[in-house]
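# Have a look; sequence and predicted model below, questions after that.
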Amino acid sequence: MRVAALYDIHGNLPALEAVLEDIRGADVDQIVVGGDVVPGPIPRETLRRLLDLDLPTHFIHGNGELAILAQMAGTRTGSVTYWGTTSGARPPESIVEIYRWTTAQLQPELEPMLARWPKTVRLDIDGLGQVLFCHSTPRNETEVFTRLTAEHRLMPLFEPLQVAVVVCGHTNMQFDRMIGRTRVVNAGSLGMPFGEPGAYWPIFSFAIHRTTSSKPPSAFALAVIRKLKILQPITSCNRHQRNKCSRRLVRRN
Ligand SMILES: [Zn+2]
């Protein structure tokens, strides 16, 4: 079985289309969508495209979906109590505006579907064994760790899972490292990557292939993002924070 992991798409439909074209030629059997499909510049059409895929597709939520679900609930209750952060603190107005706009795009028809997405998915993949897919860490959608975070700080999160591989995302930076006996792969971001422009996505099979779209980056992501001026690195370290958080496990408060 070959499983493609599509993480942190962030409403970037052109990047998704480019990757789906590559997937058609990559003999993929199943897809895992790893959260943070939204928010982003083309949220409704991106979600609809994923829901219409003709391959078995598993969805998990990211902090982006939790924030939008909270915003949706707020349209009924009059107050928003959770914004995709661990504390529920209100983000800056520019971010709240993105949440409101995204909610208006998706509510009401897509809300029940988003609310059903689980926190994690486990698949048994020939040659790898049990693979657990989560958004950031298995316990939390917003905490940040990277390939440089000290192993001893991460061991308590990963060792008790008793799985061969954990796939994560959220920081939009691909890596592949060992934490104790667990191989931990960050899928990278399909729609809002750090580093070189491109749509990053791995395939999990007997081996793990880390891939970027064969389409030139100019064909998608950056043009869309810059034109709409709506997509910001709201779910992870931004470029200024990256050095600061690269070696630490950070609980977002
Ligand atoms: Zn995220």
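Nice, thanks for sending it over. Numbering: from 1, shown residues only.
# switch to C-alpha atoms for all contacts and neighbour counts from now on
Fine.
# Tally up the residues packed near residue 60, please.
Residue 60: 22 surrounding residues under other C-alpha atoms under 10 Å.
# Do I have it right that it meets residue 31?
No - assessed by C-alpha atoms under 8 Å, residue 60 is found out of contact with residue 31, at 11.2 Å.
# burial count for the residue in the chain positioned nearest to the ion?
Using C-alpha to the ion, the closest approach of the chain to the ion is made by residue 170 at 3.8 Å. Residues near residue 170, counting by other C-alpha under 10 Å, number 30.
# likewise the one 5 residues further on?
For residue 175, the count of nearby residues is 16 (other C-alpha under 10 Å).
# give me every residue that touches the residue most central in space within the chain.
The residue lying closest to the centre of the chain (C-alpha atoms, centre = their mean) is residue 8, at 3.1 Å. With contacts defined as C-alpha atoms under 8 Å, 6 or more residues apart in numbering, residue 8 is in contact with 34, 35, 36, 37, 169, 170, 172, 188, 189, 190, 191, 192.
# repeat that for 6 Å
Residues counted as contacts of residue 8 (C-alpha atoms under 6 Å, 6 or more residues apart in numbering) are 35, 36, 37, 189, 190.
# Would you mind writing the CA trace of the helix or strand hosting residue 124 as PDB?
Using DSSP states H and E, residue 124 sits within strand 121-125. Extracted in PDB, the C-alpha atoms of strand 121-125 (Å, rounded to 0.1, in the frame of the first residue of the first chain):
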ATOM      1  CA  VAL A 121      -5.400   8.300  12.200                       C
ATOM      2  CA  ARG A 122      -3.500   5.000  12.400                       C
ATOM      3  CA  LEU A 123      -2.700   2.900   9.300                       C
ATOM      4  CA  ASP A 124      -0.900  -0.400   8.900                       C
ATOM      5  CA  ILE A 125       1.500   0.100   6.000                       C
END
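# who does it pair up with?
Here strand 121-125 has these sheet partners by DSSP bridges: strand 129-133 (antiparallel).
# Now tell me what touches the partner strand from outside.
120, 121, 122, 123, 124, 163, 164, 165, 166, 167.
# With stretch 187-203 instead?
With C-alpha under 6 Å, 6+ apart as the contact definition, stretch 187-203 has outside contacts at 3-10, 12, 15, 169, 172-174, 209-213, 217.
# Can you pull out the low-pLDDT segments for the stretch 51-200 of the chain?
Applying pLDDT under 70 to the stretch 51-200 of the chain flags residues 84-87.
# Select from the contacts of stretch 187-203 every entry located in helices.
If you go by DSSP state H, the contacts of stretch 187-203 have residue 15 in helices.
# taking the contacts of stretch 187-203 one by one, which sit in strands?
If you go by DSSP state E, the contacts of stretch 187-203 have 3, 4, 5, 6, 209, 210, 211, 212 in strands.
# Can you flag the buried ones in the residues you listed?
With neighbours counted by 16 or more other C-alpha atoms under 10 Å, these contain buried members at 3, 4, 5, 6, 210, 211, 212.
# Could you check how far the fourth one is from residue 56?
The gap separating residue 6 from residue 56 is 13 Å, by C-alpha to C-alpha, to the nearest Å.
# Would it be right to say that residue 201 lies in a strand?
Yes - counting by DSSP: H, G, I helix; E, B strand; the rest coil, residue 201 falls inside a strand.
# what's the neighbour count on it?
Using other C-alpha under 10 Å, residue 201 has 24 neighbouring residues.
# Please name the bridge partners of it.
Per DSSP bridges, the residues bridged to residue 201 are residue 211.
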